[in-house]
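> predicted model and sequence follow; I will ask about them next.
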Amino acid sequence: MKLRDIMTKDVEVVRPDSALQEAARMMRDADTGFLPVCDGEQLIGTVTDRDIAIRSTAEGQDPSSAKVQEVMSEELVFAYEDQDSNEAAQIMAEKRIRRLPVVNREKRLVGVVSLGDLATQTPDDDVVGQTIQDVSQPGGQHSQS
């Protein structure tokens, strides 16, 4: 199954120069702990509620003045919309992430696929189960909530 068929297409994004407080409000309102960071339509990173808590709040930064770009993960981990869901599951397992930005071939953000999307919309229970197990292993450096 192609990612374009199972991904969430209506995705909230945040700009790198947005205040962390704005990003946190966006997460609250969208009931998510993850936002892609985009400059226009170009994906440049991701920010999670954990990034805000650990990289900013724990360091005493003021969320009304600290910017997303100060705490976001700049490592671009993504999949293409025409890739198979099994490939996305493999990327998520290797990188130990729960959400994966999806881009088109021009590398413009077109959606996000989550473990939940894979679990509910793909037929291969073995792949999904292994991915969930791999992502949930303690000690990973990434944990997109």
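Nice, thanks for sending it over. In this text the structure is predicted, and so the values were computed from the model without any measurement.
> next up, the contacts around the residue nearest the centre of the chain.
Among the residues of the chain, the smallest C-alpha distance to the mean C-alpha position (Cα atoms, centre = their mean) belongs to Arg99, namely 4.1 Å. Taking Cβ atoms under 8 Å, 6 or more residues apart in numbering, we find Arg99 in contact with 34, 46, 112-115, 144. For every residue, glycine as well, the C-beta is placed using N, CA and C.
> what secondary structure does Pro63 sit in?
What DSSP: H, G, I helix; E, B strand; the rest coil gives for Pro63 is coil.
> this structure: helices as residue ranges?
3-6, 20-30, 49-50, 85-95, 115-121, 125-136 (DSSP state H).
> just name the most buried of the ones you listed.
Per-residue neighbour counts averaged over each of the helices of the chain give the maximum for helix 85-95, namely a mean of 19 (mean count of other Cβ atoms under 10 Å).
> against which helices or strands is that one packed?
Using 3 or more Cβ pairs under 8 Å, 6 or more residues apart in numbering; DSSP states H and E as the contact test, the elements touching helix 85-95 are helix 3-6, strand 79-80, strand 99-103, helix 115-121, helix 125-136.
> Leu76 reaches Cys38, doesn't it?
No: using Cβ atoms under 8 Å, Leu76 is not in contact with Cys38, being 11.4 Å away.
> so for these two, which sits in the more crowded spot?
Here Leu76 and Cys38 are set side by side on neighbour count (other Cβ atoms under 10 Å), and the busier one is Cys38, at 19 against 12.
> tell me the pLDDT of the nearest residue to the more buried one once chain neighbours are set aside.
What sits nearest to Cys38 in space, not counting adjacent residues and going by Cβ to Cβ, 6 or more residues apart in numbering, is Val13, at 4.4 Å. The model reports Val13 with a pLDDT of 96.
> what residues are up against Val13?
35-38, 109.
> now the common contact residues for Leu76 and Cys38.
Going by Cβ under 8 Å, 6+ apart, residues that sit against Leu76 and also against Cys38 are Ile44.
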